[in-house]
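K.L.:
Here is the input, now give the coordinates:
(one chain, ligands or ions: 1)
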Amino acid sequence: MDLRQGIGLRKLGKTAEEFQQDLLSNLYYRRGTTVESASARDAYETLSQTVRDRLAERRARTAAAHYASNPRWVYYLSAEYLLGAQLEQNLLYSGTGEIAAEAVKALGFSIEDLEDLDIEPGLGNGGLGRLAACLVDSMATRDIPAVGYGIRYDLGIFRQIITENGQTELPDDWAFQGNPWEFPAPDDRQTVGFYGHTEPVPGSQTRKVWVPGEIVLGEPSHMLVPGYGTETVNIVRLWSAKASEASFDLSRFSAGQYAEAVQEAVRAENISKVLYPDDSTELGRELRLKQQYFLVSCSLRDIIRRFRLRNEGWDGFAEKTVIQLNDTHPTIAIAELMRLLVDEYELEWDRAWEITRKTFAYTCHTLLPEALETWPVHLFERLLPRHLEIIYLINMLFLREVEARFPGDDDRLRRMSIIGEEPRMVRMAHLAVVGTEAVNGVAELHSKLLRETVLDDFAELWPAKFQNVTNGISPRRFVRIANPRLSDLITEGLGTDTWIRDLERLEGLERLADDASFRERWQAIKRANKVDLAAGDPDSLTDVMIKRFHEYKRQQLKVLHVITLYHRIRQDPGRDRVPRTVLFAGKAAPAYHAAKDIIRLIATVAATIEKDPVVSPYLKVVFPSNYNVTLAEKIIPAADLSEQISLAGKEASGTGNMKLALNGAITIGTMDGANIEIRARVGEENFFLFGLDAYEAANARINGYFPHRYYEHDPELRAALDALGSGAFGESGQRVASSLMSWDEYLTLADFRSYLDCQEQVEQAWHDRERWTRMSILNTAHCGFFSSDRTIADYAARIWRVAPVPVPHDD
Ligand code: GPW
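P.N.:
Below you'll find the model as predicted:
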């Protein structure tokens, strides 16, 4: 029996009967219960296992194929993954949806009941975490040998409850009832050091011995990442912190000091206890740096272990390995690989540096100064003393290189240094640029602004290093699974379902935009999706703004619009109007008070409108709690209008914009992030554009932004701000108004009039339903580019230089 080829596996049946037998066998042997006493949870667990087994069989064949071909591997390092619910995805990817439904019915349950028990692991904050999930999906779909590495936080992103008082947060103990999708792999555990000191190695200039002061274990488990329409099943490997035996203090225990005896163990396990709920802001806490190093240290040792399975020495390492850094969060990996190569494997510094630089690539996801990670030097020195020494040496050699290119330019040296002065900080983005072979932004504009502003000195030094890879989204999760009605119509219209793997085929819908009966069905589907969502009148314009709450995204601009509509209706109640349902959803970081004020203000405005019999027939504001991937999958198919209204130059890309446009929502947006590329593809007549562009916004900042001018010259704006200022919408409203009138980094009032005018155009277009539906179809038709399969093809060709490794079928 050749186990390496995956031969010897019992083939899992393809009929409903065989599936049902496996389900029963799992119910009896693994779950230990019976048909008569099976609860919904028993059925859910058992169904999940039965589906998982089918993927596990493909996983075994994938591993065999990868082992045999000893390929170049992609390792994706990310502090966040928002994978979404797994059951429906895995039913689809294993092709067992129908037979599973039948088998489950025989147990007395419906698939839908069981899907409600399928909890999503909320191991991320927002766009960056969801992007990681879409990219691993597409790597598997494109047959790229890849592993995603992350942290298995016990508590994911907090559960949010919205009341009239705004947001409250509850812990998200997502795996409380178990997680059937996960495989523990305790034998691959790693040991991670922190603190301590370094000692010189006699006779060596560069080598040191690091003697850590604390040791923590990293225990991995993995989730399967199947490709769609292919045999590949990759994995995401997540690390949990475990105390080592040595951290239990038996002498204290014997002395009756029970709490003290486990204190160190508790501290160790805190490392993977909770996801930091901050999106695009950096707060520089020690535990966060510990998390980052924990992820990196475990993952790098695992990567080396995997390399050693088929390779010897170090010559082939950089050829067989590419490590993609998802923003700067895992950037300490550059210093850690140097430490491993120099101190532990005793390579010469220069050779180690060559290997390191060739191995890593870095994706930057922001331009916001507050999101650029820096760590106080003294914190680094205490927690990771050896890494700081290595960073100093990297920096010294790097600055020597800069000095050679630009002699005497001290100011440039100061700007480019990995260490910032006063206060002394380690600049992670600089380390990430210096220690990698490629640096990319996530949309055309973002990559350009990176080169022109934040990283301009580096782009001047190494122009070829800088690239763009525009983000994308998984068409499986965000069209096929989220919007089955539309998917069926698209498949019928195109005469094939190959668009699910080859999204540019959606172009074929263009001609159908002229077909009145197709348009009618398209419209009926949007309406049915709105009925399912049950957020408001399905015949009203469903206007959605779903994303994290952040001032740069400008939910406050949308609120000013809503208040202005409210005033207009009250002033002229008799006029015929476009009824709107405005849906907000999203979380604010618990400590981000300005963002929480905006949430509370929205809740107050919603309640005021609800109570007003004059206004409520035309305007409704809804704010469902706890926006997450599962909720996004319900809202996106029901949206008519997609709000993408960040100040130009602030949103690196956005990916919600892509999801909504692909589902036939029309965008109202600024010239920011990927909005620009969406507009270029769908055509300017199918996109509602307003506001300053990034250069105008930057100039407005320099020439002075005077909110009072807008206030004084625009009566409707004045009325809205006065209403807020008067306290009519509570204290949060007053604080929002005063911040808009004073130091508003995001120029909200400058874009107000342009935004309101643009909303008038939206209503004009909505009046002509045939025109609107055409626009909607054309949005879907022209957004195939935004598939994450295309994003992965770009990374594979231009950054990773990896080839697919097909996995043979089982027959
Ligand atoms: F600040 N993004 C995010 F760049 O969701 F690190 N969290 C983050 O912490 C950061 C970025 C970081 C988002 C961007 O805001 C969004 O524009 C982009 O589409 C997304 O990352 C994926 O690239």
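K.L.:
so what's residue 248 up against?
P.N.:
By Cβ atoms under 8 Å, 6 or more residues apart in numbering, the contact set of residue 248 is 261-262, 264-265. Glycine gets a C-beta too; all of them are placed from N, C-alpha and C.
K.L.:
Apply 6 Å and report the result again.
P.N.:
By Cβ atoms under 6 Å, 6 or more residues apart in numbering, the contact list for residue 248 reads residue 265.
K.L.:
May I have the predicted confidence score for it?
P.N.:
Looking at residue 248, its pLDDT reads 87.
K.L.:
mind checking the backbone torsions on it?
P.N.:
Backbone geometry at residue 248, expressed as degrees, to the nearest 10, gives phi -90, psi 120.
K.L.:
Distance check, it against the ligand.
P.N.:
Distance of residue 248 to the ligand, computed by Cβ to the nearest ligand atom, to the nearest Å: 36 Å.
K.L.:
and if you look at residue 501?
P.N.:
Counting by Cβ to the nearest ligand atom, the gap from residue 501 to the ligand is 23 Å.
K.L.:
my guess is that residue meets residue 230, correct?
P.N.:
No. Here residue 501 does not reach residue 230: they are 8.3 Å apart, not a contact under Cβ atoms under 6 Å.
K.L.:
Not counting its own residues, what contacts the helix or strand that contains residue 387?
P.N.:
Assigned by DSSP states H and E, residue 387 belongs to helix 385-405. Residues from elsewhere that reach helix 385-405, judged by Cβ under 6 Å, 6+ apart: 197-198, 208, 210, 335, 338-339, 380-381, 413, 416, 418-419, 434.
K.L.:
swap the cut-off to 7 Å and go again
P.N.:
With contact meaning Cβ atoms under 7 Å, 6 or more residues apart in numbering, helix 385-405 is reached by 196-198, 208, 210, 332, 335-336, 338-339, 377, 380-381, 412-413, 416-419, 426, 431, 434-435, 461.
K.L.:
try stretch 319-332
P.N.:
Contacts for stretch 319-332 (Cβ under 7 Å, 6+ apart): 72-79, 128, 132, 292-293, 295-296, 303, 307, 311, 333, 359-365, 373, 387, 428-429, 431-432, 800, 802.
K.L.:
try 6 Å this time
P.N.:
Residues outside stretch 319-332 that contact it (Cβ under 6 Å, 6+ apart): 72-79, 132, 292-293, 295-296, 359-362, 365, 373, 428-429, 431-432, 800.
K.L.:
Repeat that for stretch 148-166.
P.N.:
76-78, 81, 122-123, 125, 136, 167-172, 174, 236-240, 272-275, 277, 295, 299, 587, 596, 599-600, 603, 607, 623, 625-626.
K.L.:
Now intersect the residues you listed with the helices, please.
P.N.:
Counted as lying in helices by DSSP state H, out of these, are 136, 295, 299, 596, 599-600, 603, 607.
K.L.:
Please identify, among these, the one with the most neighbours.
P.N.:
Ranked by neighbour count (other Cβ atoms under 10 Å), those have residue 136 at the top, with 29 neighbours.
K.L.:
pLDDT on the top helix by length along the chain, on average?
P.N.:
Using DSSP H, we find that the single longest helix of the chain is helix 40-69. Taken as a whole, helix 40-69 carries a mean pLDDT of 97.
K.L.:
and that helix, what does it pack onto?
P.N.:
In terms of contacts (3 or more Cβ pairs under 6 Å, 6 or more residues apart in numbering; DSSP states H and E), helix 40-69 is packed against helix 16-25, helix 111-115, strand 214-226, strand 233-243.
K.L.:
Pull the number of nearby residues for residue 255.
P.N.:
Neighbour tally, residue 255, other Cβ under 10 Å: 11.
K.L.:
Up against the ligand, what does this structure have?
P.N.:
Proximity of the chain to the ligand, by Cβ under 6 Å from any ligand atom, involves residues 125-128, 131, 279-280, 327, 365-366, 371, 442, 471, 651-655, 673.
K.L.:
Of all the helices and strands in this structure, which has the lowest average confidence?
P.N.:
The helix or strand of the chain with the poorest confidence is helix 250-254; it has a mean of 89 (mean pLDDT, DSSP states H and E).
K.L.:
Could you turn the buried ones of the contacts of stretch 148-166 into a ChimeraX selection?
P.N.:
Entered in ChimeraX, the line below selects the buried ones among those, by 16 or more other Cβ atoms under 10 Å:
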select :76,77,78,81,122,123,125,136,167,169,172,174,236,237,238,239,240,272,274,275,277,295,299,587,596,599,600,603,623,626
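K.L.:
So residue 458 sits against residue 434, correct?
P.N.:
No. Counting by Cβ under 6 Å, residue 458 stays clear of residue 434, with 8.0 Å between them.
K.L.:
what about these two, which has more around it?
P.N.:
Taking other Cβ under 10 Å, residue 458 and residue 434 do not tie; residue 434 has more neighbours (26 against 22).
K.L.:
so what's that one up against?
P.N.:
residue 398.
K.L.:
Residue 552 belongs to a helix?
P.N.:
Yes. Counting by DSSP: H, G, I helix; E, B strand; the rest coil, residue 552 is part of a helix.
K.L.:
ok now do the nearest residue to residue 656 once chain neighbours are set aside, which residues does it touch?
P.N.:
Spatial nearest neighbour of residue 656, excluding adjacent residues (Cβ to Cβ, 6 or more residues apart in numbering): residue 547 at 5.4 Å. Contacts for residue 547 (Cβ under 6 Å, 6+ apart) come out as 553, 586, 656.
K.L.:
ok, now how distant is the second one from the ligand?
P.N.:
Translated: residue 586. Remark: distance between residue 586 and the ligand (Cβ to the nearest ligand atom) = 12 Å.
K.L.:
what are the phi and psi values for residue 690?
P.N.:
The phi/psi pair for residue 690 (degrees, to the nearest 10) is phi -150, psi 170.
K.L.:
Just give me the neighbour total for it.
P.N.:
19.
K.L.:
Could you verify that residue 712 is part of a strand?
P.N.:
No. Membership of residue 712 in a strand is not supported by three-state DSSP, which gives helix.
K.L.:
Could you find the closest non-adjacent residue to it?
P.N.:
Once flanking residues are discounted, residue 712 sits nearest to residue 718: 7.2 Å by Cβ to Cβ, 6+ apart.
K.L.:
you'd agree that neighbour is up against residue 711?
P.N.:
Yes. With contact defined as Cβ under 6 Å, residue 718 reaches residue 711; the gap is 5.5 Å.
K.L.:
Buried residues, stretch 721-738. List them.
P.N.:
Neighbour-count burial for stretch 721-738 flags 721, 723-725, 729-730, 732-737 (criterion: 16+ other Cβ under 10 Å).
K.L.:
er, stretch 704-714 actually
P.N.:
For stretch 704-714, by 16+ other Cβ under 10 Å, it's 705, 707, 710-711, 714.
K.L.:
Same check on stretch 351-371?
P.N.:
Neighbour counts over stretch 351-371 (16+ other Cβ under 10 Å) mark 352-353, 355-357, 359-368, 371 as buried.
K.L.:
same deal with stretch 178-193?
P.N.:
179-182, 188-190, 192-193.
K.L.:
Out of these, which sit inside strands?
P.N.:
The members of the buried residues of stretch 178-193 that map onto strands under DSSP state E are 182, 190, 192-193.
K.L.:
Looking at the residues you listed, spot the one nearest the ligand.
P.N.:
residue 192 (23.2 Å; Cβ to the nearest ligand atom).
K.L.:
For the helix holding residue 387, give the mean pLDDT please.
P.N.:
Mean per-residue pLDDT for helix 385-405: 98.
K.L.:
could you give the angle of it to strand 190-194?
P.N.:
Here the directions of helix 385-405 and strand 190-194 differ by 80 degrees (axes from the mean of the first three to the mean of the last three Cα atoms, to 10 degrees).
K.L.:
For stretch 792-806, list the C-alpha coordinates in CSV.
P.N.:
The C-alpha trace of stretch 792-806 is given here as CSV (Å, rounded to 0.1, in the frame of the first residue of the first chain):
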residue,chain,number,x,y,z
ILE,A,792,-4.0,35.4,-6.7
ALA,A,793,-3.0,35.1,-10.4
ASP,A,794,-1.4,38.5,-10.1
TYR,A,795,0.5,37.6,-6.9
ALA,A,796,1.5,34.2,-8.3
ALA,A,797,2.9,35.7,-11.6
ARG,A,798,4.4,39.0,-10.4
ILE,A,799,5.4,38.6,-6.7
TRP,A,800,5.6,34.9,-5.8
ARG,A,801,6.6,33.4,-9.2
VAL,A,802,4.9,30.1,-8.2
ALA,A,803,3.3,27.6,-10.5
PRO,A,804,0.2,25.5,-9.7
VAL,A,805,0.5,21.9,-8.7
PRO,A,806,-2.6,20.0,-9.8
